[in-house]
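**Student:** could you look at this predicted model? Sequence included:
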Amino acid sequence: MAKSRMKILLTRKLHEFAMTELKKRYDIYVHSGEIPMPKGKLLSKISQVDGLVCFPYDVIDEEIIENAKKLKVISTYSVGYDHIDLQKAKARKIKIGYTPDVLTNATADLTVALMLDSMRRITEGDRMIRGGNWKVIFGPHDYVGTDIEGKTIGIFGMGRIGSAVAKRITPFGMKITYHSRHRLPKNQEKKLGAKFVSLDELFEKSDAITVHVPYTKETRGIVDMRLLKKMKKTSHLINTSRGKIINEKDLIKALRSGMIAGAALDVFEKEPIGKNHGLAKMRNAVLAPHIGSSTTETRKKMAEITIKNLIYGLEQKKMIYSVNLD
Ligand code: NAP
C-alpha cells in the first residue's frame, strides 16, 4: 500500500513556484478569503496537518498548538516569530522555521527611507500638494526640515537590521549610537563606527531613533511616555520592527503636543489601520503599510526559505533557519 502523503496547511497562498514544489510532495490546503484566517477555521484545519506555513499576523497560540495533534513543523514567512507560542511549540517538539537575513537589506533600506522622509518632510509635502494646499513657494521658513549630516542616529536593537541601517547611514555623516541587550564586540563597534549608550541616553541624545528590537515581553510597550519625554523636541522616531513595542497612545500625545518632531512607522499595534486612526490624523507622522521586506526579490527569497524550512523540517533535515527553542 502506498505511503500516505503528509498534509500541509498554508494560511495564505505563496508564489507559484513555491506552491508547485509543495504540491509535488504533500496534500495541501490553502486558506483563501478573510485575512487572517479566522481562528475557528484555523483550529479545525490545524488538527489534520503535519506542517503549517503561516504569516506574522497569524496568532499561533496555546489553543492552536494544543489542537495541532499531528503538527511537526511551523514555517513562518517572516523573521519575527512573536506570533507563535514558543514554549508550547517546544513542549510539543514542534520545529519552527523563519526567514532572517534575506529581508535585512530591504528592511534597512525602508528604515533609511522613512527616516529621511520624516526629517525632510517629504510625505507631508506630498499630502499638502494633493490636498491643494501648496500656496507659497521657497520661503526661508517654509516646509523646513532638518539637516542629516552631523546629527546623531540612535539604533535600538543592534542586530541584523540595526547593523544594516548603521552601514547605510555612514555615508550620510551621522554619528551612530546604539543600545542593545548585549554590547557588540569592540571590533564590530569599530567597523560600524557605533557607540554603545544606555537606553535613556539613546533617547535623550539622538536626533533620530530607530527601533529594531524584536517584540517580546521585555520590549512590549517599552517606548512609552517615559522614554518619549526624554527625546529632543527636534527628534524623530522610526519603527520598522513591531508596532506593539511603542505605546501608540503616548506617541500620538507626543506628536500632537510637539514633544517630538515626527515619527515614521511601518508597523502598528493592530494592523491594518484606517484613515480614522489617531496616527493617520497626525501631520508629522509618515505611515507605511508594513512593507519592510516588501520587494519583489526579497519576498521571493522569503518564499524559497519558507518552503525549504518546511520540507527540511518534515524530512528530519537541518532547516535553513530554525528558531532556537532553548
Ligand atoms: P535580530 O538580528 O535578532 O536583532 C534584534 C536585536 O535586538 C538583537 O541585537 C537583540 O539582542 C536585540 N534585543 C532583543 N531584545 C532586546 C531588549 N529587550 N533590549 C535591547 N535589545 C534587545 O533581528 P532582526 O533580523 O534585526 O529583526 C528585528 C525585528 O525586525 C524582527 O524581530 C521583526 O519583528 C522586525 N522586522 C520587521 C519587518 C517589517 O516588515 N517591518 C521586516 C523584518 C523584520 P541579542 O543579540 O542579545 O538577542
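**Tutor:** Arrived safely, thanks for sending.

**Student:** where do the strands sit along the protein?
**Tutor:** In the chain, the strands defined using DSSP state E lie at 7-10, 27-30, 51-54, 73-76, 95-97, 152-156, 175-179, 194-196, 208-211, 236-239, 262-265, 285-287.

**Student:** TSV please, covering these and showing mean neighbour count.
**Tutor:** Placement of C-beta: from N, CA and C, glycine included. Output for the strands of the chain, formatted as TSV (neighbours: other Cβ atoms under 10 Å):
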stretch	mean neighbour count
strand 7-10	22
strand 27-30	15
strand 51-54	28
strand 73-76	27
strand 95-97	24
strand 152-156	25
strand 175-179	21
strand 194-196	17
strand 208-211	28
strand 236-239	28
strand 262-265	25
strand 285-287	21
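
**Student:** between these, which one is nearest to Asp142?
**Tutor:** Of all these, strand 262-265 sits nearest to Asp142, with 16.8 Å by Cβ to Cβ.

**Student:** starting from the closest one, tell me which strands it pairs with and how they run.
**Tutor:** strand 236-239 (parallel), strand 285-287 (parallel) (DSSP bridges).

**Student:** quick one: low-confidence residue ranges for this structure.
**Tutor:** Low-confidence segments of the chain, defined by pLDDT under 70: 1-2.

**Student:** and the ligand, which of the strands paired with strand 262-265 is closest to it?
**Tutor:** Ranking the strands paired with strand 262-265 by their distance to the ligand (criterion: Cβ to the nearest ligand atom) puts strand 236-239 first, at 8.3 Å.

**Student:** if we can go back for a sec, Throw the strands of the chain into a markdown table and include distance to the ligand, thanks.
**Tutor:** Formatted as a markdown table, the strands of the chain follow (distance: least, Cβ to the nearest ligand atom, whole Å):
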| stretch | distance to the ligand |
| --- | --- |
| strand 7-10 | 19 |
| strand 27-30 | 22 |
| strand 51-54 | 14 |
| strand 73-76 | 11 |
| strand 95-97 | 14 |
| strand 152-156 | 7 |
| strand 175-179 | 6 |
| strand 194-196 | 11 |
| strand 208-211 | 8 |
| strand 236-239 | 8 |
| strand 262-265 | 9 |
| strand 285-287 | 12 |
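
**Student:** quick one, helices of the stretch 151-300 of the chain?
**Tutor:** Counting by DSSP state H, counting those that start in this stretch, the stretch 151-300 of the chain has helices at residues 160-169, 186-192, 199-205, 225-230, 248-257, 296-314.

**Student:** packing partners of the fifth one?
**Tutor:** Helices and strands touching helix 248-257, by 3 or more Cβ pairs under 8 Å, 6 or more residues apart in numbering; DSSP states H and E, are helix 225-230, strand 262-265.

**Student:** could I get these as JSON lines with distance to Lys308?
**Tutor:** As requested, these are arranged in JSON lines below (distance: least, Cβ to Cβ, whole Å):
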{"stretch": "helix 225-230", "distance to Lys308": "39"}
{"stretch": "strand 262-265", "distance to Lys308": "32"}
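
**Student:** closest to Ile35 out of the ones you listed?
**Tutor:** strand 262-265 (20.6 Å).

**Student:** so what touches that closest one?
**Tutor:** Applying Cβ atoms under 8 Å, 6 or more residues apart in numbering, the contact partners of strand 262-265 are 114-115, 117-119, 121, 236-239, 243, 246, 251, 255, 279, 282, 284-288.

**Student:** return the residues of the stretch 201-326 of the chain in contact with the ligand.
**Tutor:** Within the stretch 201-326 of the chain, the positions near the ligand by Cβ under 6 Å from any ligand atom are 212-216, 218-219, 240-242, 266-267, 290, 292-293.

**Student:** can I have the buried ones of these as a PyMOL selection?
**Tutor:** In PyMOL syntax, the buried subset of these is picked out as below (16 or more other Cβ atoms under 10 Å):
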select buried, resi 212+213+215+219+240+241+242+266+267+290+292+293
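
**Student:** farthest-separated two in the residues of the stretch 201-326 of the chain next to the ligand?
**Tutor:** Going by Cβ to Cβ, the pair spanning these furthest: Glu218 and Ser293, at 23.5 Å.

**Student:** need the distance between the two termini of stretch 233-250.
**Tutor:** Distance across stretch 233-250, first residue to last, is 15 Å (Cα to Cα, to the nearest Å).
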